[in-house]
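Visitor: Sequence and predicted model, in that order:
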Amino acid sequence: DPSFAGQILSLTFPMVGNYGVPDSIQQNELDLSSGLESSHIQVAALIVQDYSTKYSHWNAHQSLGDWLKEEGIPGLLGIDTRLLTRKIRAHGSMKARIEFKQTSTSNHVFIDPNKENLVAKVSNPKTRVFGKGNPIRILAVDCGIKNNMIR
């Protein structure tokens, strides 16, 4: 979902990954990904409590872990995400970074997504028309629209 661009996403659902991920290449009649909300993963990282390596769903094409690897997105498991959520609710959004291997040369600079033009990163600058010939017309300004809003 483009609204999560540049953020570390923490999921509080107790188990993640057991459904797998749909095919990211398969397109529908509107030339959009038929099972995903965006053309690629938008989050900077994913944090989960418990990850299932075995997935089973009629629409699954690959595991969540394989998809994250394919897109170069770090994932972290075994974290008490409910406790993390309580801290975020108590203190508000915070800058964060995930380091898997700390070295003496680690750069301790936090990226501030509020200082980036995220709309430019998640928007399509081209004008696109969907449903040609339909008498009902709707204008959508793409500031990171997810595919399901068009479908």
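Guide: Sure thing, it's come through.
Visitor: Report back the residue of this protein that's furthest from centre.
Guide: residue 135 (33.8 Å; Cα atoms, centre = their mean).
Visitor: quick one: low-confidence ranges for the chain?
Guide: 102-108 (pLDDT under 70).
Visitor: Can you tell me what sits against the helix ranked longest in it?
Guide: If you go by DSSP state H, the chain has its longest helix at helix 81-91. Counting contacts by Cβ atoms under 8 Å, 6 or more residues apart in numbering, the residues outside helix 81-91 that touch it are 10-12, 47-49, 94. For glycine as for every other residue, the C-beta is placed from the backbone atoms N, C-alpha and C.
Visitor: Now the buried members of these.
Guide: Neighbour counting over the contacts of helix 81-91 (16 or more other Cβ atoms under 10 Å) leaves 10-11, 47-49 as the buried ones.
Visitor: In which helix or strand does the residue farthest from the centre of the chain reside?
Guide: Counting by DSSP states H and E, no helix or strand carries residue 135.
Visitor: Okay, helices next: where are they in this structure?
Guide: 64-71, 81-91, 118-122, 147-150.
Visitor: Among the buried ones among the contacts of helix 81-91, which are located in strands?
Guide: 10, 47-48 (DSSP state E).
Visitor: Of these, which is the nearest to residue 56?
Guide: Nearest to residue 56 among these: residue 48, at 17.6 Å, using Cβ to Cβ.
Visitor: Make TSV from the buried ones among the contacts of helix 81-91 and add distance to residue 151 to it.
Guide: TSV is the format used below for the buried ones among the contacts of helix 81-91 (distance: Cβ to Cβ, whole Å):
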residue	distance to residue 151
10	27
11	23
47	28
48	27
49	31
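Visitor: now, which of the ones in strands among the buried ones among the contacts of helix 81-91 sits nearest residue 31?
Guide: Among these, and counting by Cβ to Cβ, the member closest to residue 31 is residue 48, at 31.6 Å.
Visitor: for the nearest residue to residue 147 once chain neighbours are set aside, what are its contacts?
Guide: Nearest non-adjacent residue to residue 147, counting by Cβ to Cβ, 6 or more residues apart in numbering: residue 32, 4.6 Å away. By Cβ under 8 Å, 6+ apart, the contact list for residue 32 reads 147, 150-151.
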